[in-house]
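Trainee: Fold the following.
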Amino acid sequence: MERTIIFCMLFFFSSTVLAAASHRAVKYRQILLVIEKLEHAVKDKDVEWLHTPENPVEGCVDTALSCFKKGTLQLQPLNSQVNATFTKAIRVFRKYTIRSPGKQCESSCESYKKKPPKEFLTSFAKLIQKV
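Mentor: Modelled structure (predicted):
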């Protein structure tokens, strides 16, 4: 009887850990799909360039992700025809929460080089794929 209870508890805890890890992977996959949609729906000319983190140090990944989240909220739609798609995509980024970094990162969002929106989204996709 004790062995059965221990086995059930072990099974329950291991399945909980696996579900948590896969939830994060699903969320990142969803963000990648949204980035792909945005690349075709975002205005790239006559707009303000955005701070684009590239190759963040190991401890600064969460800070870089928060910079990207902040930057995506500044993007503008290409035209009124893609406005609905654009709004749905931006809503995904607003809901996305970033883990708080374990240690304070020395670089801030403003320390990164500014790039056009399409290059910004490409760099964001690369970082999401690394994570």
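
Trainee: Against residue 65, how distant is the closest residue to residue 67 other than its chain neighbours?
Mentor: The shortest distance from residue 67 to any non-neighbouring residue, by Cβ to Cβ, 6 or more residues apart in numbering, is to residue 109 (3.9 Å). Where you see a C-beta, it was placed from the backbone N, CA and C, and this is true even at glycine. Counting by Cβ to Cβ, to the nearest Å, the gap from residue 109 to residue 65 is 11 Å.

Trainee: what about those two, which has more around it?
Mentor: It is residue 65, of residue 109 and residue 65, that has more neighbours when counted by other Cβ atoms under 10 Å, with 21 against 16.

Trainee: Within the helices and strands, which one has that one?
Mentor: helix 61-72 (DSSP states H and E).

Trainee: repeat for residue 37
Mentor: Short version: residue 37 belongs to helix 2-41, going by DSSP H and E.

Trainee: could you point out which element follows that helix?
Mentor: Next element after helix 2-41 (DSSP H and E): strand 50-51.

Trainee: Name every strand pairing with that following strand and say which way it goes.
Mentor: strand 114-115 (antiparallel) (DSSP bridges).

Trainee: and the gap between the closest residue to residue 60 other than its chain neighbours and residue 65?
Mentor: Spatial nearest neighbour of residue 60, chain neighbours left out: residue 105 (4.0 Å); criterion: Cβ to Cβ, 6+ apart. Here the distance between residue 105 and residue 65 works out to 11 Å (Cβ to Cβ).

Trainee: same check, this time on residue 84
Mentor: 26 Å.

Trainee: lowest-pLDDT helix or strand in the chain?
Mentor: Of the helices and strands making up the chain, the lowest-confidence element is helix 2-41, at a mean of 74, by mean pLDDT, DSSP states H and E.

Trainee: Skipping its backbone neighbours, what lies nearest residue 70 in space?
Mentor: Leaving aside its chain neighbours, residue 70 sits nearest to residue 109 (6.4 Å; criterion: Cβ to Cβ, 6+ apart).
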